[in-house]
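Student: Coordinates for the following, if possible.
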Amino acid sequence: MGLGSIRRACPYLFLLLCLASALFQAWNLPPFQGADELAHAYRADMTTFGLLSGERVQRKNLVAGGPTDVSLFEATGPFDSIRFHLEQKADAADYDAAAKIVWDGRTTRTGYPGSAIYPPFFYMPSAAGMALGKLLDWPVVQSIYLARAASALVCALVGFAALMIAGRSRLWMFTVLLLPMSVALYATLTNDGLMIVTTALGCAVISRGMHEGRPLRRDEVIWATACFALVGMTKLPYALLGLVFLVSDTERPRWRHVAAATVLGTSFLWTLWTALAVQTALTPPGSGINPGLQLHWLLAHPWAVLPIAAETLTKNIHPYANMFVGVLGWLDTFLPAAYYYAAWMLLPVALLAAVSRGHAPAWRGVPIVAALIVLATFAAIHGALYLSWNVVAATYVQGVQGRYFLPLALLVGLVVEGERPLLPPGRWSDLAYRAAGAVVLAFPLVSLLVVEHTIVVRYYLD
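Tutor: Numbers count the residues shown, from 1 in each chain. Okay, the predicted model is just below:
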């Protein structure tokens, strides 16, 4: 099998493996055991009430939230002791107790500030699953499984479409989309999974134009713009991905500026709207976290950014590496240590197999600008968390998780995209590409087995 055949097989193998792994996790991960899954379930449930935006709710203090079903919270009870307690397992009694909790029409307004601020787009599949569960009068837990499955299916289909479109960077995209962390996000109630595959779809459209050495057509510009706008509206730092249009080749030059402005504009406007109508402090008063004072302190001590950045990377580089590959559940379920080493050996192989050369003149600026966007977005993610999640004058940034870098890894595909393979045709180069491609295609099979074993042992076996 040559490299071309391997690349053509990627979308179909992705669809098969993604569905197998994601649906396994959707069914076997105990309810609400994905990180912040209850908060995301609240956000999806709010959409079933016909509301597209959260609101401010008066609890002990004013928080972002909205309406939700009381039974949704009650269904978490049998499983609440599992998170962060590796000795706790999900048993038949837990499931029997949860199965008795049904949708009974009781509603309340509650706070979930971590998810109420997000737009509804990436919650639509899980909201549809929950709405169908209500319509069928299923127990809450069964509806959660249905919502997870709907999210996993849509993520798999969008990822499949991205891989069908992508250029020579397809092997790299295939690898990132099938990392255990990526698949775990497809399989739980969160907006991160669909955000990742939507980023992949936007990058794939651009990579196709780069690979074929031609300008993007109008429909391609619209699709890629829509993808990056949805991602930027969800999390503002990712709006910087839209800057790649400024150096992309389009059939009409003005489309580049319109696309970039649309991504940045829609992302900023949604963030402004939520700040005015929904957003509240993510932490309660008295916690020592104050974004206004934090910003004032940074402006008064601009050079403090350098030691903060250095200490952040020093303390967090290892957790980032693990979480990027995959830490499951409430970030309390680690894969075997040997697997992380193997994954980080695979990633350079996948990247080298995707590295290409040769660009049409109009595309030559994309690799450099894409690399700069990756770095700038990496910094913006840390800056946003430093302001909103860290005490004033903290010496390093806390709260950043490795999964936040998965969309950036997909943008790296544009850094290595090109028209021709890096190595010229020949016996040894063909052999090297075939070997690299075979390893890349085979590794997700290992991931599938490792993840399944880890989940079964963590949640069910003493």
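Student: Break down the stretch 51-200 of the chain into its helices, ranges please.
Tutor: With DSSP state H, counting those that start in this stretch, the ranges of helices along the stretch 51-200 of the chain come out as 70-74, 92-99, 124-135, 140-165, 170-177, 180-186, 192-212.
Student: Contacts for the fifth one next, please.
Tutor: Around helix 170-177, the neighbours that count as contacts under C-beta atoms under 8 Å, 6 or more residues apart in numbering are 6-7, 10-11, 13-14, 18, 159, 162-163, 166, 182, 196-197, 200, 203-204, 346-347, 350-351, 353-354, 406, 409-410, 412-413, 416, 436-437, 440-441, 443. Glycine gets a C-beta too; all of them are placed from N, C-alpha and C.
Student: could you give the mean pLDDT of that helix?
Tutor: Over the span of helix 170-177, the pLDDT mean works out to 96.
Student: Could you pull out the buried residues of that helix?
Tutor: 170-177 (16 or more other C-beta atoms under 10 Å).
Student: could those go into TSV alongside distance to residue 237?
Tutor: Formatted as TSV, these follow (distance: C-beta to C-beta, whole Å):
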residue	distance to residue 237
170	26
171	27
172	22
173	21
174	25
175	23
176	18
177	21
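Student: Return the member of these nearest to residue 121.
Tutor: Residue 121 has its nearest neighbour among the buried residues of helix 170-177 in residue 177, at 19.1 Å by C-beta to C-beta.
Student: where's that closest one relative to residue 21, distance?
Tutor: From residue 177 over to residue 21 the distance is 11 Å, taken as C-beta to C-beta, to the nearest Å.
Student: One more: residue 239?
Tutor: Applying C-beta to C-beta, one obtains 30 Å for the distance of residue 239 from residue 21.
Student: Please apply the same query to residue 430.
Tutor: Counting by C-beta to C-beta, the gap between residue 430 and residue 21 amounts to 31 Å.
Student: Which one of these two is surrounded by more residues?
Tutor: Shown here are residue 430 and residue 21; by other C-beta atoms under 10 Å, residue 21 has more neighbours (26 against 14).
Student: Mind telling me what element the more buried one is part of?
Tutor: Counting by DSSP states H and E, the element that carries residue 21 is helix 3-28.
Student: average pLDDT across that helix?
Tutor: The average pLDDT for helix 3-28 rounds to 90.
Student: quick one: buried residues of it?
Tutor: Residues of helix 3-28 classed as buried by neighbour count (16+ other C-beta under 10 Å): 3, 6-7, 9-11, 13-15, 17-26, 28.
Student: What of stretch 450-462?
Tutor: By neighbour count, and taking 16+ other C-beta under 10 Å as the criterion, the buried residues in stretch 450-462 are 450-451, 454-455, 458-459.
Student: right, and out of those residues, which lies closest to residue 377?
Tutor: Looking at those and their distance to residue 377, the nearest is residue 451, at 27.6 Å (C-beta to C-beta).
Student: residues in contact with that closest one?
Tutor: Shown here is residue 451, whose contacts under the criterion C-beta under 8 Å, 6+ apart are 21, 24-25, 180, 183-184, 326, 328, 335.
Student: what's the distance between it and residue 343?
Tutor: For residue 451, the distance to residue 343 equals 12 Å [C-beta to C-beta].
Student: Overlap of the contact sets of these two?
Tutor: Taking C-beta under 8 Å, 6+ apart as the contact criterion, the residues that touch both residue 451 and residue 343 are residue 326.
Student: spatially speaking, which residue is in the middle of this structure?
Tutor: In the chain, the centroid-proximal residue (C-alpha atoms, centre = their mean) is residue 192; its distance is 3.6 Å.
Student: so what's the nearest residue to residue 15 once chain neighbours are set aside up against?
Tutor: Once its chain neighbours are removed from consideration, residue 15 has its nearest residue in residue 160; the separation is 4.6 Å (C-beta to C-beta, 6 or more residues apart in numbering). Listed by C-beta under 8 Å, 6+ apart, the contact set of residue 160 reads 11-12, 14-15, 18.
Student: ranges for the strands of this structure?
Tutor: 55-58, 62-69, 107-111, 327-328, 333-334, 356-357, 420-421 (DSSP state E).
Student: between these, which one is nearest to residue 87?
Tutor: Set against residue 87 and scored by C-beta to C-beta, the strands of the chain come closest in strand 333-334, at 12.8 Å.
Student: Neighbouring strands - and their directions - for that closest one?
Tutor: Strand pairing for strand 333-334, using DSSP bridges, gives strand 327-328 (antiparallel).
Student: what's the strand it pairs with in contact with?
Tutor: The list of residues contacting strand 327-328 from outside it, by C-beta under 8 Å, 6+ apart, reads 29, 180-181, 184, 333-335, 402, 451, 454-455, 458.
Student: please redo it, this time with the cut-off set to 10 Å
Tutor: Contacts made with strand 327-328 from outside it, assessed by C-beta atoms under 10 Å, 6 or more residues apart in numbering, are listed as 25, 29, 33-35, 180-181, 183-184, 187-188, 319, 333-335, 340, 401-403, 451, 454-455, 458-459.
Student: Please pick the buried ones from the residues you listed.
Tutor: Burial by neighbour count, judged by 16+ other C-beta under 10 Å, picks out 25, 29, 33-35, 180-181, 183-184, 187-188, 333-335, 340, 401-403, 451, 454-455, 458-459 from the contacts of strand 327-328.
Student: So, low pLDDT: which residues of the chain?
Tutor: Low-confidence segments of the chain, defined by pLDDT under 70: 1-4, 280-287.
Student: longest helix in it, by residue count?
Tutor: Ordering each helix of the chain by length in residues (DSSP state H) puts helix 427-460 first.
Student: Please give the centre-to-centre distance between that helix and its chain.
Tutor: Using C-alpha atoms, centre = their mean, to the nearest Å, the mean C-alpha position of helix 427-460 is found 21 Å from that of the whole chain.
Student: sorry, back to before: can I assume the residue nearest to the centre of the chain is in contact with residue 235?
Tutor: Yes - look at residue 192 against residue 235 with C-beta atoms under 10 Å: they come within range, at 9.1 Å.
Student: residues shared between the contacts of those two?
Tutor: Taking C-beta under 10 Å, 6+ apart as the contact criterion, the residues that touch both residue 192 and residue 235 are 404, 407.
Student: Distance to residue 56 for the helices of the stretch 51-200 of the chain - can I get that in a markdown table?
Tutor: Rendered in a markdown table, the data for the helices of the stretch 51-200 of the chain read as follows (distance: least, C-beta to C-beta, whole Å):
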| stretch | distance to residue 56 |
| --- | --- |
| helix 70-74 | 19 |
| helix 92-99 | 31 |
| helix 124-135 | 21 |
| helix 140-165 | 26 |
| helix 170-177 | 36 |
| helix 180-186 | 28 |
| helix 192-212 | 24 |
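Student: Check the gap between the residue nearest to residue 402 when sequence neighbours are not counted and residue 338 for me.
Tutor: Closest residue to residue 402 in three dimensions, ignoring its sequence neighbours and counting by C-beta to C-beta, 6+ apart: residue 323, at 2.8 Å. From residue 323 over to residue 338 the distance is 17 Å, taken as C-beta to C-beta.
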